[in-house]
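A.B. asks: Test case, fold it:
(one chain, ligands or ions: 1)
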Amino acid sequence: MAETDEPMLVDGDTGSTSDWDDRWNHIKKFLERSGPFMHPDFEPSTESLQFMLETCKILVIGAGGLGCELLKNLALSGFRNIHVVDMDTIDVSNLNRQFLFRAKDVGRPKADVAADFINSRVPGCCVIPYFKKIQDLDETFYRQFHIIVCGLDSIVARRWMNGMLLSLLVYEDGVLDPSSIIPLIDGGTEGFKGNARVIFPGMTACIDCTLELYPPQINFPMCTIASMPRLPEHCIEYVRILLWPKEMPFGDDVSLDGDDPEHIQWVYQKSLERAAEFSITGVTYRLTQGVVKRIIPAVASTNAAIAAACATEVFKIASSAYLPLNNYMVFNDVDGLYTYTFEAERKENCSACSQVPSDLHFSPSSKLQEVLDYLTESTSVQMKSPAITTTMDGKNKTLYLQSVASIEQRTRPNLAKTLKELGLADGQELAVADVTTPQTVLFKLCFTS
Ligand SMILES: [Zn+2]
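C.D. replies: Residues are numbered from 1 along each chain as shown. A predicted model of the protein is given here:
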């Protein structure tokens with residue numbers, strides 16, 4: 001190819017917000033002519049592109065590994081009204097994959113820097129950042145969006161978002177008003193594994209319907225850690241769980257801090273001794289910190305693949321030109337490449353989206369503590385610090401609440417009481433609040449004999 005003095009035209013060189021010729025040709029190919037994969041009801045026209053460029057409002061949750069990819073993909077696909085929420089600031093360790101950030105940005109809010117980058121790089125695109133927790137924004141905020149995409153690393157945050165979108169649904173005589181549905185596209189990655197899913201709240205399986213897919217943190221059996229270590233991780237866990245509380249190397253009330261190099265150094269040295277005792281190799285400082293902080297390395301290529309799948313779903317739903325993913329795609333590139341798509345089913349008694357209170361089966365002689373344990377330990381509920389209230393004789397009564405110290409102290413004795421002693425009746429409704437949901441969840445007490 002002959003060399004030319006003409007500068008290559010790339011997004012950002014024009015400095016203007018107006019579109020240049022052929023700017024959206026790559027998108028028009030999908031929207032302005034028909035094809036074999038088109039949605040059966042779709043009529044090719046110029047309207048879809050106009051909607052994407054001018055009207056469609058997208059919310060991206062998270063401006064980290066997935067968020068950077070999502071913002072770039074959406075902006076280059078023609079979405080111009082993008083809002084992004086992230087509560088984090090940039091750390092130097094993010095720079096290898098969160099490519100909207102530079103060394104000079106370390107310490108600044110991810111949302112702000114990501115928005116500035118996209119806005120200056122992609123003419124006409126307007127990304128509005130929120131350096132906030134998702135919980136600090138309310139219903140009116142979330143209601144304004146056509147589609148919400150999550151690139152989060154926290155299950156609690158994901159569940160909260162899911163609960164928020166469920167709370168926006170409008171039912172008339174038990175029938176869901178489709179205009180109140182905001183589709184949720186959820187991407188998640190962990191090392192070389194990832195998933196992308198499409199949720200139509202109230203219609204398809206929600207996050208809580210498939211809660212069993214997020215098993216609680218896998219821990220090593222205590223007997224292995226205490227007496228039969230085989231892996232370097234077992235040795236580190238031994239020091240973390242058993243030796244630290246026994247020796248209290250930094251004083252009586254100093255708990256292990258994964259960000260304190262002296263703490264990690266101590267755990268590392270003791271783990272080496274433990275490993276030597278059992279002829280185990282592989283304990284390193286890095287592994288020690290990884291185990292203590294439960295770090296799973298982030299892999300840029302996994303983020304890129306999952307974000308691409310999510311952005312494609314946004315494009316399909318916003319344009320309505322193609323059928324969306326139905327509805328859960330798993331991805332794994334540990335060894336070769338594996339993907340599989342299946343239809344996650346709604347759970348009839350899902351405590352988040354089913355519209356009917358879930359039953360809690362307990363004997364009248366069960367203690368409130370057992371109910372609390374069920375709410376946190378059951379794989380289908382997995383709450384974090386549930387606050388349980390009920391109505392008795394027309395009055396609200398708090399049975400147990402953990403988050404406020406004075407109330408916790410006052411309600412703690414209830415945990416040792418039986419349900420009968422607390423005056424609870426068969427069929428009584430318990431309202432449970434938790435960080436995993438913006439709304440209280442209703443449960444119905446069903447006494448077993
Ligand atoms: Zn559900």
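
A.B. asks: can you pull the buried residues of the helix or strand of the chain with the lowest mean pLDDT?
C.D. replies: In the chain, the helix or strand scored least confidently by mean pLDDT, DSSP states H and E is helix 222-227, which has a mean of 87. For helix 222-227, burial by neighbour count (16 or more other Cβ atoms under 10 Å) applies to Thr224, Ile225. Where you see a C-beta, it was placed from the backbone N, CA and C, and this is true even at glycine.

A.B. asks: Next SSE downstream of that helix?
C.D. replies: Moving toward the C-terminus from helix 222-227, the next helix or strand (DSSP states H and E) is helix 232-238.

A.B. asks: Extract the C-alpha set from the least confident helix or strand of the chain and format it as CSV.
C.D. replies: Taking Å, rounded to 0.1, in the frame of the first residue of the first chain, the C-alpha atoms of helix 222-227 are listed here in CSV:
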residue,chain,number,x,y,z
MET,A,222,-10.5,-27.5,59.2
CYS,A,223,-9.1,-31.0,59.7
THR,A,224,-7.0,-30.6,56.6
ILE,A,225,-5.7,-27.2,57.7
ALA,A,226,-5.0,-28.4,61.2
SER,A,227,-3.5,-31.8,60.7
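
A.B. asks: Against which helices or strands is it packed?
C.D. replies: Secondary-structure packing of helix 222-227 (3 or more Cβ pairs under 8 Å, 6 or more residues apart in numbering; DSSP states H and E): helix 232-238.

A.B. asks: Give me the contact list for the helix it packs on.
C.D. replies: Helix 232-238 has contacts (Cβ atoms under 8 Å, 6 or more residues apart in numbering) with 219-220, 224-226, 229, 267, 271-272, 274-275, 278, 280-284, 287-288, 291-292.

A.B. asks: In PyMOL, how would I select just the buried ones from those residues?
C.D. replies: Those of the contacts of helix 232-238 that count as buried under 16+ other Cβ under 10 Å are selected in PyMOL with:
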select buried, resi 220+224+225+229+267+271+272+274+275+280+283+287+288+291+292
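
A.B. asks: Which of the contacts of helix 232-238 fall within helices?
C.D. replies: Thr224, Ile225, Ala226, Val267, Ser271, Leu272, Arg274, Ala275, Leu287, Thr288, Val291, Val292 (DSSP state H).

A.B. asks: Closest one of these to Glu247?
C.D. replies: Val267 (10.8 Å; Cβ to Cβ).

A.B. asks: Touching, the closest one and Trp244? I think so.
C.D. replies: Yes. Using Cβ atoms under 8 Å, Val267 makes contact with Trp244 at a distance of 7.1 Å.

A.B. asks: Find residues that contact each of those two.
C.D. replies: By Cβ under 8 Å, 6+ apart, the residues touching both Val267 and Trp244 are Leu256.

A.B. asks: wait, which of the ones in helices among the contacts of helix 232-238 is closest to Gln135?
C.D. replies: Val292 (27.5 Å).

A.B. asks: how many neighbours does the closest residue to that closest one other than its chain neighbours have?
C.D. replies: Nearest residue to Val292, sequence neighbours excluded (Cβ to Cβ, 6 or more residues apart in numbering): Gly258, at 4.5 Å. Neighbour count of Gly258, defined by other Cβ atoms under 10 Å: 16.

A.B. asks: likewise Ser378?
C.D. replies: 15.

A.B. asks: quick one: it and Pro364, what's the gap?
C.D. replies: To Pro364, Ser378 is 20 Å away according to Cβ to Cβ, to the nearest Å.

A.B. asks: Same check on Ile199?
C.D. replies: Distance, Ile199 to Pro364, using Cβ to Cβ: 38 Å.

A.B. asks: So if I had to pick from those two, which one is more boxed in?
C.D. replies: Ile199 (28 against 16).
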